[in-house]
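**Q** coordinates only, sequence not included:
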């Protein structure tokens, strides 16, 4: 999911009137892209994953959890930690992860530091990489 920088999202009822337009133009855009790239070859398939986090505070006494709006503060601290990490500090077959803001101020997202390829070692490292983050 992308980060909404400007504007407000539409309600579900407001989006219904645009559904056919989005569907039709999405198909047209896909067909134009397909036609433009169908004969292209030799490109390496790169892909990634993301882990989304919800920031909460938990009161042990009352057993109550609340959303915490500390995304900016946490991202600043994570940025310092990540900048101090080197490839020597990370496990084998992994790169230093990246952290990003998400839609709400109580949400964070992490992605691998570099994209995966179609290689077997990359495929086998996804779960370990997600646990590391």
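**A** Done, it's in. Owing to the predicted nature of the structure, the values given are computational and were not obtained by experimental measurement.
**Q** remind me, longest helix of the protein?
**A** For the chain, the helix with the greatest residue count under DSSP state H is helix 19-37.
**Q** next structured bit after that one?
**A** Remark: after helix 19-37, the chain's next helix or strand is strand 51-54, criterion DSSP states H and E.
**Q** got a list of contacts for that following strand?
**A** Outside of strand 51-54, the residues within contact range by CB atoms under 8 Å, 6 or more residues apart in numbering are 1, 67, 102, 106-111, 130, 133. Where you see a C-beta, it was placed from the backbone N, CA and C, and this is true even at glycine.
**Q** Secondary structure and pLDDT for those residues - can I get that in CSV?
**A** Shown next, in CSV, are those (DSSP: H, G, I helix; E, B strand; the rest coil; pLDDT from 0 to 100):
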residue, secondary structure, pLDDT
1, coil, 48
67, strand, 95
102, coil, 90
106, coil, 94
107, strand, 95
108, strand, 95
109, strand, 95
110, strand, 95
111, strand, 95
130, helix, 92
133, coil, 86
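**Q** ChimeraX command for the buried members of those?
**A** Applying 16 or more other CB atoms under 10 Å to the contacts of strand 51-54, the buried members can be selected in ChimeraX as follows:
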select :102,106,107,108,109,110,111,133
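**Q** got the contacts of strand 51-54 as JSON lines, with distance to residue 49 columns?
**A** Converted to JSON lines, the contacts of strand 51-54 look like this (distance: CB to CB, whole Å):
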{"residue": "1", "distance to residue 49": "13"}
{"residue": "67", "distance to residue 49": "24"}
{"residue": "102", "distance to residue 49": "15"}
{"residue": "106", "distance to residue 49": "21"}
{"residue": "107", "distance to residue 49": "16"}
{"residue": "108", "distance to residue 49": "15"}
{"residue": "109", "distance to residue 49": "10"}
{"residue": "110", "distance to residue 49": "9"}
{"residue": "111", "distance to residue 49": "7"}
{"residue": "130", "distance to residue 49": "6"}
{"residue": "133", "distance to residue 49": "9"}
